[in-house]
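J.: structure of the sequence below:
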Amino acid sequence: MTDTDPGAAPLYRVAELTEVSDQSIGEALNREVGDGYRFESIHFVIQPGNRRPTMAFLFFTRMQEQEK
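T.: Numbers count the residues shown, from 1 in each chain. Okay, the predicted model is just below:
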């Protein structure tokens with residue numbers, strides 16, 4: 001993350017998708033970004049001998065004010 005506010009701490013969220021399709025990925029992205037998170041990366045789980053991913057993990061972050 002590029003935010004350097006010393007009073008803020010990153011808050012992370014991981015979305016696990018067991019149904020991997022363009023529709024399910026789009027819905028997850030829209031839901032989390034709508035909640036104020038920023039998309040960081042996506043990682044796919046692929047079984048040997050199968051070209052289609054069986055799961056996907058989407059990683060998100062957002063800045064949260066630290067309590068004093």
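J.: could you use CA atoms for every contact and neighbour count after this?
T.: Fine.
J.: low-confidence bits of this structure, can you list those?
T.: 1-7, 65-68 (pLDDT under 70).
J.: where do the helices sit along the chain?
T.: 22-34 (DSSP state H).
J.: now for residue 53: which residues touch it?
T.: By CA atoms under 8 Å, 6 or more residues apart in numbering, the residues touching residue 53 are 20, 44-47.
J.: one more time with 10 Å
T.: 18-21, 43-47 (CA atoms under 10 Å, 6 or more residues apart in numbering).
J.: which residue sits closest to it in space, ignoring its chain neighbours?
T.: Residue nearest to residue 53 in three dimensions, not counting chain neighbours: residue 46, with 4.5 Å by CA to CA, 6 or more residues apart in numbering.
J.: what does stretch 17-32 rub up against?
T.: In contact with stretch 17-32 (CA under 10 Å, 6+ apart) are residues 13-16, 33-35, 37-39, 42, 44-45, 52-61.
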